[in-house]
Every structure is written in C-alpha cells, then in structure tokens.
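*Asks:* Okay, sequence plus prediction incoming.
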Amino acid sequence: MTDIFSFMYDKYHLPDKPKLFESFSGIGCQRIAFDRLGIDYEMVGISEIDKYALQSYMAIHGDTKNYGSICDIKGKDLPQIDVFTYSFPCTDLSKAGKQKGLNDTRSGLVYEVLRILQELKVEGRLPNVLIMENVVDLVQTKFIRQFQQIQLELEQLGYTNYTQTLNAKNYGVVQNRDRVFMVSILGEYSYEFPRPIILNKCLNDYLVDDPELNTYLSEKMIACMYSPKAEKYSRAKAFEGGITDGNSIARAITTRVNSMRPTDNFIKTEKGIRRLTLIECWRLMGISDNDFYKVREVTGKIQMYKQAGNGIVVDVFMAIIKNLI
C-alpha cells in the first residue's frame with residue numbers, strides 16, 4: 001500500500017537505457033509499451049513456457065533470450081535488471097475460475113518471483129523497479145491478506161510499494177477493464193500513478209468495415225441470449241460481458257474477466273448483433289494492426305484470442321511507465 005510518508009521521498013527516475021526483464025511475458029505487451037514510448041532500453045530476457053505465446057512474442061519483437069519456467073530460474077542466472085515485470089497467472093484468483101487463491105496453484109507462481117528476488121538480494125543485484133499486474137480480485141476481501149503478505153516480503157527486501165486499480169477506459173482505450181497494478185521501488189522513493197484522461201474515442205474507432213458474416217448471430221442465438229435461463233446463467237458465472245453499440249463517445253465495451261473470446265463480447269451494428277472479430281480484440285488491448293498481422297502469420301485464431309485476453313492493455317502500461325521517466 002502507499003506509504004503515508006511517501007510525499008517526503010524523492011521521485012524515482014529510470015536510468016538511461018534501463019534493462020528490462022518480462023516474467024510471464026505472454027506476447028510482450030509491457031515491451032510494446034516501452035517501444036511505443038520511444039525509450040532506449042536493453043531487453044535482457046523473458047520467462048515464458050507457453051509455446052504459442054512465445055511464437056507470437058518472437059513474431060512481434062524478434063529473437064529474445066527466454067529463461068523458461070519461472071520455477072527453474074535461479075537468481076545467479078539472471079543479469080542486472082532495472083525493471084522486472086510480473087503479470088503472474090490470475091487463473092486461481094479470477095471469478096471466472098475456482099478462486100482457490102495463491103497456495104499450490106498457478107497463481108501461486110508469484111512466490112517463485114519472491115524466491116528469485118531473495119536470491120538476487122544475496123547476489124547484491126535486486127532490480128530497481130518491480131511492476132505487477134493482476135485481476136482486481138487480488139485486492140478484494142478473499143485474497144487481500146495473501147496479497148498483504150507479498151507486500152510485506154517485498155518491504156523486507158527493501159522495496160517501497162505503491163498499489164492502485166486502473167481501468168483501461170480511463171487511459172484512452174474503449175474497454176472497461178479493471179486491473180490492479182503494484183509498482184515497487186528499491187529504496188525510499190515516491191511514485192504517483194497516472195491520472196485518468198478523458199476518453200475521446202468510441203467503439204467504432206476499433207471496428208472493421210466488413211466483418212465476417214459468421215460473426216453475426218442468428219435470430220435463434222439472439223433469442224437464447226435474452227432468455228431468462230441465459231440471464232440466470234450469466235449472473236451465476238459473474239459474466240461481465242454485454243451488448244453495446246459503437247456510436248457514443250466514451251462508450252467502453254465491458255469484457256469478461258481475463259477473456260477476449262468472440263463468444264464473450266457482442267456489439268450491435270446496422271446488420272444485427274455480432275461477436276467481436278479477432279483484430280478488434282487486439283485493437284482493444286492497444287496493440288497495433290502491424291503487430292497483429294505479424295502474429296497472424298505464425299499463430300492460430302484460438303490462441304490469438306487467448307493471448308489478447310491474457311495481455312495487458314498497452315496504453316495503461318505506457319501511462320505507468322511515463323511516470324517513471
């Protein structure tokens with residue numbers, strides 16, 4: 001949590017040509033943010049085990065040293081790092097999952113990050129900045145104590161933690177996507193999260209002109225969506241998706257937690273109700289069409305929907321990094 005005395009601390013600024021390491025890298029949305037900001041940085045490595053995410057990552061960024069599973073990385077194996085990002089799996093935190101928590105689960109891989117940091121402290125090479133991202137469930141009643149324990153361990157390593165929930169719609173992207181971020185700075189430094197900006201785009205800015213016909217729902221499917229049984233099922237599954245039009249300024253589409261699947265998000269157009277296309281999902285994550293087409297050459301459609309859902313909205317991460325430079 002934010003230290004009430006942080007106003008007494010100096011602001012931290014990244015060094016010239018910071019060294020970046022992405023754990024749980026996915027397709028590298030954090031790195032895309034660095035690129036888009038025009039920062040001169042050194043990419044020292046990533047940690048990722050999903051072969052499809054890796055081939056997408058390399059298609060966007062080129063060959064990058066992959067240290068493999070976070071469980072196999074030793075502190076002594078890593079180079080000096082300035083910015084260490086860890087968007088660890090939300091599988092066991094999200095309402096879309098079984099919410100088993102951080103113990104003995106995929107979400108519990110965050111403890112491997114803590115182990116690595118403890119080993120790096122012995123080496124005298126702790127990263128200057130850590131940036132975490134996850135679903136908001138992490139800071140809610142069910143898991144808050146586990147999260148506070150993680151914060152305490154970071155403080156014992158010498159970090160000052162700053163935590164805040166940010167929504168993509170407040171940072172220039174037409175998507176109602178809440179995520180919690182924690183910026184941890186080695187030493188007693190202050191950090192201020194970016195302030196919201198006015199959303200001056202609408203959903204139509206992200207839509208393709210000629211969507212595939214198979215994205216449109218039949219009358220039977222639409223009737224099923226509006227049936228009492230479907231509404232009851234949606235509430236039971238904490239379904240956050242909905243139908244929206246694309247015309248209003250500041251109209252943000254709401255997506256299901258950690259998902260950008262075509263079955264979760266619907267829009268109403270002149271021709272009826274349809275699912276979002278793949279490129280529309282990637283655009284709503286702040287990813288350029290150029291990077292989308294690079295990935296489409298090597299990765300299948302189903303995996304690309306998954307990768308969009310697992311990613312970080314680039315514009316949000318850009319805003320976070322801006323306040324470090």
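*Replies:* Looks like it came in fine.
*Asks:* tell me the mean pLDDT over stretch 273-293?
*Replies:* For stretch 273-293, mean pLDDT rounds to 94.
*Asks:* got the CA positions of that stretch in PDB?
*Replies:* Once non-C-alpha atoms are left out, stretch 273-293 reads as follows in PDB (Å, rounded to 0.1, in the frame of the first residue of the first chain):
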ATOM      1  CA  ILE A 273     -25.700  -8.300 -33.200                       C
ATOM      2  CA  ARG A 274     -22.300  -9.900 -33.800                       C
ATOM      3  CA  ARG A 275     -19.200 -11.000 -32.000                       C
ATOM      4  CA  LEU A 276     -16.000  -9.000 -31.900                       C
ATOM      5  CA  THR A 277     -13.500 -10.100 -34.600                       C
ATOM      6  CA  LEU A 278     -10.000 -11.100 -33.700                       C
ATOM      7  CA  ILE A 279      -8.400  -7.900 -34.800                       C
ATOM      8  CA  GLU A 280     -10.900  -5.900 -32.900                       C
ATOM      9  CA  CYS A 281     -10.000  -7.700 -29.700                       C
ATOM     10  CA  TRP A 282      -6.300  -7.000 -30.300                       C
ATOM     11  CA  ARG A 283      -7.000  -3.300 -31.000                       C
ATOM     12  CA  LEU A 284      -8.900  -3.100 -27.800                       C
ATOM     13  CA  MET A 285      -5.700  -4.200 -26.000                       C
ATOM     14  CA  GLY A 286      -3.900  -1.300 -27.500                       C
ATOM     15  CA  ILE A 287      -1.900  -3.500 -29.900                       C
ATOM     16  CA  SER A 288      -1.200  -2.100 -33.400                       C
ATOM     17  CA  ASP A 289      -2.500  -3.800 -36.600                       C
ATOM     18  CA  ASN A 290       1.100  -4.200 -37.700                       C
ATOM     19  CA  ASP A 291       1.900  -6.400 -34.700                       C
ATOM     20  CA  PHE A 292      -1.400  -8.200 -35.200                       C
ATOM     21  CA  TYR A 293      -0.600  -9.200 -38.800                       C
END
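*Asks:* Could you check the pLDDT of residue 324?
*Replies:* 95.
*Asks:* Then residue 92?
*Replies:* For residue 92, pLDDT reads 51.
*Asks:* Ok, the one 3 residues further on next?
*Replies:* pLDDT for residue 95: 53.
*Asks:* Same question for residue 8.
*Replies:* Confidence score, pLDDT, at residue 8: 76.
*Asks:* gap between it and residue 46?
*Replies:* 36 Å (C-beta to C-beta, to the nearest Å). Glycine gets a C-beta too; all of them are placed from N, C-alpha and C.
*Asks:* Those two: which is more packed in?
*Replies:* Taking other C-beta atoms under 10 Å, residue 8 and residue 46 do not tie; residue 46 has more neighbours (26 against 9).
*Asks:* Now that one: closest residue in space, sequence neighbours ignored.
*Replies:* residue 25 (4.0 Å; C-beta to C-beta, 6 or more residues apart in numbering).
*Asks:* For that neighbour, give me its contacts.
*Replies:* 31, 46, 47, 48, 53, 57, 85 (C-beta atoms under 8 Å, 6 or more residues apart in numbering).
*Asks:* now the strands: where do they sit in the chain?
*Replies:* 10-11, 19-23, 42-47, 83-86, 129-134, 159-167, 175-176, 178-186, 189-190, 243-245, 253-254, 266-269, 272-275 (DSSP state E).
*Asks:* Lowest average pLDDT across these?
*Replies:* strand 243-245 (a mean of 63).
*Asks:* What is the burial count for the residue nearest to residue 286 when sequence neighbours are not counted?
*Replies:* Nearest residue to residue 286 in three dimensions, chain neighbours excluded: residue 314, at 3.3 Å (C-beta to C-beta, 6+ apart). Other residues near residue 314 number 25, with proximity taken as other C-beta under 10 Å.
*Asks:* now residue 314: how far from residue 14?
*Replies:* Plainly put, residue 314 is 18 Å away from residue 14 if you go by C-beta to C-beta.
*Asks:* And for residue 131?
*Replies:* Taken as C-beta to C-beta, the span from residue 131 to residue 14 is 11 Å.
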